[in-house]
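Novice: Have a look at this fold, sequence not included:
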C-alpha cells in the first residue's frame with residue numbers, strides 16, 4: 001500500500017503493534033537483557049533493539065507513503081519528504097527498565113505535517129495503555145483522560161528537573177514536586193490524566209520521546225510547548241527540542257510565563 005492513514009485508521013494499528021511489543025519487553029524484564037552503551041554514552045538494551053525490530057516489521061510495511069523515525073534505528077533524510085512519519089521509541093525510560101522500577105513505556109506515534117496525528121503509550125509493567133488521536137479524544141485503559149485545569153494558583157504538583165521546579169516554586173510556594181519518572185512520555189501522560197498538574201523537561205528531548213504523549217495530552221485538554229510557548233514541530237532534520245513545559249490549556253500560558261527570560 002502507498003497511501004497515508006487517517007487518525008482513526010492509525011490508532012488501532014499502533015495499539016496492536018505496541019501490545020505485541022509489550023510482550024517482548026515483559027519477557028526481557030523477567031529474564032534479563034544485556035545492556036550496551038551508545039556513542040553518546042546513553043544505555044540501550046537487547047529489549048530496546050528487539051522491540052524496535054518488531055515495531056518496524058509491523059508498521060513500516062503498512063504504507064510506503066509513511067516515513068520512519070526511531071531512536072534505535074539509523075536516521076534517513078528520506079523521512080523529511082514524507083507528510084506522514086511513524087515516530088517510535090521502543091523503550092522510553094531505558095534507565096527505568098534497567099533498574100526494574102517499571103517506569104518505562106513503549107511510545108509510538110504517527111506524525112503528519114509536523115504534528116502528531118495519533119499516539120499510543122503502553123506501560124508493560126502494569127498494563128496501562130494510553131491512547132490519543134486527533135479529534136478522537138484521549139483515553140487510559142478506555143477511560144477518558146482530562147488534564148487538570150484552573151488558574152496557576154490552583155497548581156499543587158509539578159514534575160520535572162529540579163532547576164526548573166525551583167524556578168517555578170518561587171512564584172508557587174505551595175507547590176510540591178512530584179516524581180520526574182524515568183520516562184518523559186509517562187511524565188506527560190500523568191499530566192494528561194490529571195495526577196500531576198504540570199511538568200517540565202530539559203532541553204534534550206527528541207521527537208520519539210514526546211510525539212505520542214503530545215497528542216494524548218492535547219486530546220486530554222492540555223498543551224506541550226517549548227519554554228517560550230511555541231508548539232513543537234516534529235520531523236525536522238534535527239529532532240531535538242528545547243526545554244519543554246506541559247499543563248492543562250487554561251494554565252499553560254501562565255506556567256510558561258514563569259520562565260520568561262529566566263531559563
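Specialist: Received it, and whenever you're ready, just let me know what you need. On a predicted model such as this, the values are computed, not experimentally measured, just so you know.
Novice: would you list every one of the helices in the stretch 1-150 of the chain?
Specialist: For the stretch 1-150 of the chain, helices defined by DSSP state H, counting those that start in this stretch occupy the ranges 7-31, 46-59, 94-99.
Novice: ok, and what's touching the second one?
Specialist: By that I understand helix 46-59. 13-14, 16-18, 20-21, 24-25, 28-29, 33-34, 66, 68, 70-73, 86, 88, 90-91, 94, 97, 106, 108 (Cβ atoms under 8 Å, 6 or more residues apart in numbering). From N, CA and C alone the C-beta is placed, and that goes for glycine too.
Novice: Who are the contact partners of residue 85?
Specialist: Counting by Cβ under 8 Å, 6+ apart, residue 85 touches 66, 67, 68, 69, 79, 110, 111, 234, 235.
Novice: Please repeat the previous calculation with a cut-off of 10 Å.
Specialist: For residue 85, the contact set (Cβ atoms under 10 Å, 6 or more residues apart in numbering) comprises 66-69, 78-79, 109-114, 117, 207, 211, 234-235.
Novice: What's the ChimeraX syntax to select whichever of the residues you listed are buried?
Specialist: Only the buried entries of these go into this ChimeraX selection, using 16 or more other Cβ atoms under 10 Å:
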select :66,67,68,69,79,109,110,111,112,117,207,211,234,235
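Novice: so what pLDDT did the nearest residue to residue 91 once chain neighbours are set aside get?
Specialist: Nearest residue to residue 91 in three dimensions, chain neighbours excluded: residue 48, at 4.8 Å (Cβ to Cβ, 6 or more residues apart in numbering). Looking at residue 48, its pLDDT stands at 95.
Novice: what's around residue 48, how many residues?
Specialist: By other Cβ atoms under 10 Å, 27 other residues sit near residue 48.
Novice: try the one 10 residues further on
Specialist: Using other Cβ under 10 Å, residue 58 has 18 neighbouring residues.
Novice: Which among the helices of the stretch 1-150 of the chain is found nearest to residue 137?
Specialist: Proximity to residue 137, assessed across the helices of the stretch 1-150 of the chain by Cβ to Cβ, is greatest for helix 7-31 (10.4 Å).
Novice: so what secondary structure elements neighbour the closest one?
Specialist: Secondary-structure packing of helix 7-31 (3 or more Cβ pairs under 10 Å, 6 or more residues apart in numbering; DSSP states H and E): strand 43-45, helix 46-59, strand 84-92, helix 94-99, strand 105-112, strand 115-123, strand 128-133, helix 207-219.
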